[in-house]
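# Predicted structure and sequence below. I'll ask about it afterward.
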Amino acid sequence: MERHIQIFLNKLSFISITIATFTLLLLFLQTPQTCIDPIESNSNPKPHHKFPKSSCEASHRSITSLDKKNHRLWSTKSWQNAVASFTSFFTDLQTLGHLHNHSNILVVSAGAGHSVMALNRIGVGDVTGVELLESPPLVSRSDPHNLPFFDSVFDLAFSAHLDLALFPARYVGEMERTVRIGGLCVVAMEECGREEVKEVLKLFRKSKFVEGKNVSLIGDKMTRIIMRRSKLPP
């Protein structure tokens, strides 16, 4: 009796496996209903059909080029306002004689590249922007705490995000290392008092203090600190 039950169960299992396999094959071979040939469809897509519902439907959508994405981003009001603010910031450095069109500039933690574009707009052609996430063509990917550049290759290094660095001393050390003797390290950080500025100056072990000034940058009150790279610790 037990033997007959076992045989029946084996047959039932075999039939179930066969049905499941056949069902999977049908699902695999069947074309999704959402796959509609765009050539055959002359009507405009409905709002709730804006996003693809299958890989087949998505395959008909064109890929937006990098140039087109950048054009959309760079034409926004927020982008233009940020670039205009950085342009004013760097124009002031030009007026003070700290920045020239032939200068070789490094922008550390450049974000999406507002500051890089601003430098290009005022005539500085040799600008290198780095950030943890690249934003081509303005910004390349690099760790600000471990910059991939030789020593003393830049005339000026700039950062507006020193106060966000994980390791401030290492961050500043890399800026100093890549700037030539006599070159400048310029940082802009959240507005701070005299004592806080002194704490920042301690991070620069190979530079001498040039100037500290409260400025406005992208609508925020900031403190600009300029340091000049020297041979010996100050």
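Sure thing, it's come through.
# all strands of this structure, in order?
104-108, 126-131, 139-141, 154-159, 179-190, 207-217, 220-229 (DSSP state E).
# Buried residues, the second one. List them.
It refers to strand 126-131. Neighbour-count burial for strand 126-131 flags 127-131 (criterion: 16 or more other Cβ atoms under 10 Å). Every residue, glycine included, has its C-beta placed from N, CA and C.
# Check the shortest one too.
Neighbour-count burial for strand 139-141, with 16+ other Cβ under 10 Å as criterion, is recorded at residue 139.
# same for that strand, what does it pack against?
strand 126-131 (3 or more Cβ pairs under 8 Å, 6 or more residues apart in numbering; DSSP states H and E).
# again with the first one
Based on contacts counted as 3+ Cβ pairs under 8 Å, 6+ apart, the elements that strand 104-108 packs against are helix 114-121, strand 126-131, strand 154-159, helix 168-178.
# between those, which gets nearest to residue 188?
strand 154-159 (7.6 Å; Cβ to Cβ).
# Can you show me the CA trace of the closest one as CSV?
Extracted C-alpha coordinates of strand 154-159, given in CSV (Å, rounded to 0.1, in the frame of the first residue of the first chain):
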residue,chain,number,x,y,z
PHE,A,154,50.1,74.6,-9.7
ASP,A,155,50.2,78.3,-9.3
LEU,A,156,47.1,78.4,-7.1
ALA,A,157,44.9,75.9,-5.3
PHE,A,158,41.4,76.8,-4.3
SER,A,159,38.7,75.1,-2.2
